[in-house]
Each structure stands twice: as structure tokens, then as C-alpha cells.
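Student: Sequence plus predicted model, see below.
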Amino acid sequence: MLALCFAWGVAVALGIHALVAWHHPNIVLKIVFGFMLGGYAAIPNYGLIAKSTIPPEAMPQHNLISMLPLLVYIFASVAFA
């Protein structure tokens, strides 16, 4: 699961980087619609799972799956820039 989360974050960063390089948007569109949209897309569950339905013993795994791709996306975006 960790490898999949890592790959998801890198894939989203690579996709956003390719779109920004292809379209050459101005700085506002690049930040708002590029990198922030990528940050939203990097979270695999998009915040659609109610935390009250997750058992307490599964919360660390849920938090890791939610945050690891976002962190990888941020670091990969900096690396691709």
C-alpha cells in the first residue's frame, strides 16, 4: 500500500507538471488551478470517507494513506520544478 501511495503522489505531480509545461499558464492559474488542484487530487479518498465509520485501530493506517500521497506530491512537485 505504501508503494501505491508513493506512486500515486508521483503520478499526480508528473501529470500536473506536464500540464503546466504544456499550457504555460500565468502565475495565478499555475498556483491555484495547477498545484492546489494537484494537492486535492493527490489525496486518494478525496475526504469522502466519514472518519466516524473507521475503527479506532485503523485510524493510523487511514491517516497514512490520506497524507503520504500528498506529501510525496509536494516533494515531487518541487523536484520536477
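Tutor: Noted; the coordinates are in hand. Numbers count the residues shown, from 1 in each chain.
Student: three-state assignment of the spatially closest residue to residue 76 that is not a sequence neighbour?
Tutor: With sequence-adjacent residues excluded and distances taken as Cβ to Cβ, 6 or more residues apart in numbering, residue 76 is closest to residue 13, at 3.6 Å. To be clear about C-beta, it is placed using only N, CA and C from the backbone, and glycine gets the same treatment. The three-state label given to residue 13 by DSSP: H, G, I helix; E, B strand; the rest coil is helix.
Student: Surely residue 13 and residue 73 touch.
Tutor: Yes - using Cβ atoms under 8 Å, residue 13 makes contact with residue 73 at a distance of 4.9 Å.
Student: can you list residues touching both of these two?
Tutor: Listed as contacting both residue 13 and residue 73 by Cβ atoms under 8 Å, 6 or more residues apart in numbering are 38, 42.
Student: What is the burial count for residue 2?
Tutor: Residue 2 has 9 neighbours, counted by other Cβ atoms under 10 Å.
Student: Can you tell me how far it is from residue 35?
Tutor: The gap separating residue 2 from residue 35 is 24 Å, by Cβ to Cβ, to the nearest Å.
Student: Residue 76 too?
Tutor: Taken as Cβ to Cβ, the span from residue 76 to residue 35 is 11 Å.
Student: So for those two, which sits in the more crowded spot?
Tutor: Counted by other Cβ under 10 Å, residue 76 and residue 35 do not tie: residue 76 has more neighbours, with 22 against 18.
Student: For this structure, which segments are assigned as helices?
Tutor: 2-23, 27-29, 36-41, 59-80 (DSSP state H).
Student: And for the most centrally placed residue in the chain, nearest residue in space, chain neighbours not counted?
Tutor: Nearest to the geometric centre of the chain sits residue 42, at 1.8 Å (Cα atoms, centre = their mean). Spatial nearest neighbour of residue 42, excluding adjacent residues (Cβ to Cβ, 6+ apart): residue 73 at 3.7 Å.
Student: Please list all residues in contact with residue 46.
Tutor: residue 40.
Student: And for residue 67?
Tutor: Neighbours of residue 67 in contact, by Cβ under 8 Å, 6+ apart: none.
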